[in-house]
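J.: dropping a prediction and its sequence here:
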Amino acid sequence: MRLYITLTAGALSVASLAFAHGDVAPQAVNTDSLPEVGEDWLFENPYRAETAGEEVWHEAIRIGASGYNQNCARCHGLEGVSGGLAPDLRFLEAEEFGDEWYMERYRHGYTQNGTTKMPAFGELLGQEAGWAIRTYVETRPDPDAMAEYTDELAAIRDDLAANGTTPDALDADAITARLTEIGAAIPTMSGAPVADSIASRAAVQIDGTAEGYETAAETLTIGLSAAQ
């Protein structure tokens, strides 16, 4: 059974474990390509695909990944995988209840015994950046499920790398369909309906051109290396 972070007293004690953030200045996140969400702070993620559409969802993940790696990974871990001191945000439920917990911490930070364990990011980075980071975190794939497809994804990567310079040698539709199928089979840790896996990323990048094949092969290479 997965452990989900909730707003119960017991879970708050887990979520409030002390972790030193250090004197690292927050890095600005460019959200110009995302729809503005207004001045009033929301309590539910506006950038989910079912709400904003897949194009906005993909862009939110892209921006959120950058924002997370610059401002959050130092404590919460690369790709959201916590080392144990800070909460593992991948398990925070992808629904309004989890959104409220997330945004409360994002906006106001966390202080324990007069010591700032997490700075307040709300006024520094803005609401759009916060929801973009939230979108990225909640779409992290289940690593155990990813492991089941490692060999097949490596074979697809090798095929793309070996034959991508001659686009006619590959069946772009068939490869895209299989990557999409694999992506759909990989669950998230948060309960979000779609994971941002290397399979789904590579599927979007394949467009039948040599450049697209090269980009998809690089995505698979990087993702497979990180999983090892």
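T.: Received it, and whenever you're ready, just let me know what you need.
J.: alpha carbons only for contacts and neighbour counts from here, please
T.: OK.
J.: list the contacts of residue 29.
T.: If you count contacts by C-alpha atoms under 8 Å, 6 or more residues apart in numbering, residue 29 has them with 63, 66-67, 125, 129.
J.: swap the cut-off to 7 Å and go again
T.: Residue 29 makes contacts with 67, 125, 129, as judged by C-alpha atoms under 7 Å, 6 or more residues apart in numbering.
J.: and it, how far from residue 151?
T.: For residue 29, the distance to residue 151 (C-alpha to C-alpha, to the nearest Å) stands at 36 Å.
J.: cool, and residue 102?
T.: On the measure of C-alpha to C-alpha, residue 102 and residue 151 end up 35 Å apart.
J.: with neighbour numbers in mind, choose between the two.
T.: Just comparing residue 102 and residue 151: by other C-alpha atoms under 10 Å the higher neighbour count belongs to residue 102, 20 against 11.
J.: residue 138 contacts residue 98, correct?
T.: No. Counting by C-alpha atoms under 7 Å, residue 138 stays clear of residue 98, with 9.9 Å between them.
J.: so for the two, which sits in the more crowded spot?
T.: residue 138 (29 against 22).
J.: measure that one to residue 125 for me?
T.: Distance from residue 138 to residue 125, by C-alpha to C-alpha: 19 Å.
J.: try residue 90
T.: Counting by C-alpha to C-alpha, the gap from residue 90 to residue 125 is 21 Å.
J.: what's the answer for residue 57, then?
T.: Here residue 57 is placed at a distance of 19 Å from residue 125 (C-alpha to C-alpha).
J.: cool, and residue 212?
T.: The spacing between residue 212 and residue 125, counted by C-alpha to C-alpha, is 33 Å.
J.: tell me where the chain has strands.
T.: Counting by DSSP state E, the chain has strands at residues 110-112, 115-118.
J.: pick the most buried one from these.
T.: strand 115-118 (a mean of 17; mean count of other C-alpha atoms under 10 Å).
J.: direction included, what does that strand pair against?
T.: Strand pairing for strand 115-118, using DSSP bridges, gives strand 110-112 (antiparallel).
J.: got the domain ranges for this structure?
T.: As recorded under automatic domain parsing, the domains making up the chain are 9-138, 143-227.
J.: need those domains in JSON lines (columns: mean pLDDT).
T.: Formatted as JSON lines, those follow (pLDDT from 0 to 100):
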{"stretch": "domain 9-138", "mean pLDDT": "86"}
{"stretch": "domain 143-227", "mean pLDDT": "95"}
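J.: adding distance to residue 75, write the strands of the chain out as CSV.
T.: Converted to CSV, the strands of the chain look like this (distance: least, C-alpha to C-alpha, whole Å):
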stretch, distance to residue 75
strand 110-112, 13
strand 115-118, 9
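J.: right, so of the ones you listed, which gets closest to residue 80?
T.: strand 115-118 (15.7 Å; C-alpha to C-alpha).
J.: picking up where we left off before, out of the strands of the chain, which gets nearest to residue 206?
T.: strand 115-118 (39.5 Å).
J.: just the C-alpha atoms of the closest one, please, in CSV.
T.: Only the C-alpha atoms of strand 115-118 are listed here, as CSV (Å, rounded to 0.1, in the frame of the first residue of the first chain):
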residue,chain,number,x,y,z
THR,A,115,14.1,28.2,12.1
THR,A,116,13.1,28.4,8.4
LYS,A,117,13.0,24.9,7.0
MET,A,118,11.4,25.9,3.8
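J.: what does stretch 53-67 contact?
T.: 29, 31, 34, 47-49, 129, 132-133, 135-136.
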